[in-house]
Structures are given as structure tokens and as C-alpha cells.
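Participant: Mind looking at a prediction? Sequence and model below.
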Amino acid sequence: MINEDARSDDMLEFNFDEVEAETEMAWLLKIDRDKTWFPKSRCRLDSQAKIVEVPEWLAMEKGLI
């Protein structure tokens with residue numbers, strides 16, 4: 001497990017196909033053929049451009065990089 005203090009705050013951008021679902025706390029995004037939950041507290045979403053900004057540590061945890 002990664003120490004919270006050691007996590008990078010660098011944000012990476014990923015294109016997504018669509019928002020499959022949304023709750024008060026997260027978005028379920030379809031990226032390629034996979035569906036992944038992204039916490040709103042850690043990510044930024046541009047629904048028009050279909051881009052989600054994700055911290056590098058979270059992208060690694062989700063298997064995006």
C-alpha cells in the first residue's frame with residue numbers, strides 16, 4: 001500500500017467514452033471497454049470534452065498507466 005504522503009498530486013488526463021452512472025461521491029466512466037469508478041473528491045470531469053483528470057497515483061491504482 002502506498003503512503004498517502006508519498007502520493008503524487010500530478011494530474012493526468014484520460015479520454016472517456018461516456019458517464020455510465022453518477023452518485024453524489026463518484027462517476028462511473030467507460031474508458032475503452034472498461035468501467036471504472038472515479039471519486040469526485042480527487043478527480044475533475046469535463047463532460048463536453050469527455051476528459052477526466054486523475055491524480056497519477058489513482059491512475060496507477062486503477063490500472064490506467
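Facilitator: Thanks, I have the structure now. The structure presented is a predicted model; accordingly, all values stated were derived computationally and were not measured.

Participant: Now do the same contact list for residue 11.
Facilitator: 44, 53, 54, 55, 56 (CB atoms under 8 Å, 6 or more residues apart in numbering). Heads up, the C-betas are built off the backbone N, CA and C, glycines and all.

Participant: Next, count neighbours for residue 40.
Facilitator: Residue 40 sits with 13 neighbouring residues when counted by other CB atoms under 10 Å.

Participant: which ones are touching it?
Facilitator: 24, 25, 26, 27.

Participant: Now with 6 Å, please.
Facilitator: By CB atoms under 6 Å, 6 or more residues apart in numbering, the contact set of residue 40 is 25, 26.

Participant: Please tell me how far it sits from residue 12.
Facilitator: 17 Å (CB to CB, to the nearest Å).

Participant: Could you do residue 27 as well?
Facilitator: As judged by CB to CB, residue 27 and residue 12 stand 16 Å apart.

Participant: Look at those two and report which has more neighbours.
Facilitator: Between residue 27 and residue 12, counted using other CB under 10 Å, the more crowded position is residue 27 (19 against 15).

Participant: I'd like to know the beta-bridge partner residues of the more buried one.
Facilitator: Per DSSP bridges, residues listed as beta-bridge partners of residue 27: residue 22, residue 38.

Participant: quick one: residue 13 and residue 53 touch, right?
Facilitator: Yes - if you go by CB atoms under 6 Å, residue 13 and residue 53 touch, sitting 5.5 Å apart.

Participant: Show me which parts of stretch 53-65 are buried, residue by residue.
Facilitator: By neighbour count on 16 or more other CB atoms under 10 Å, the buried set for stretch 53-65 is 54, 55, 57, 58, 59, 64.

Participant: Tell me the spacing between the closest residue to residue 9 other than its chain neighbours and residue 41.
Facilitator: Among residues not flanking residue 9 along the chain, residue 55 sits closest, at 6.1 Å (CB to CB, 6 or more residues apart in numbering). To residue 41, residue 55 is 11 Å away according to CB to CB.
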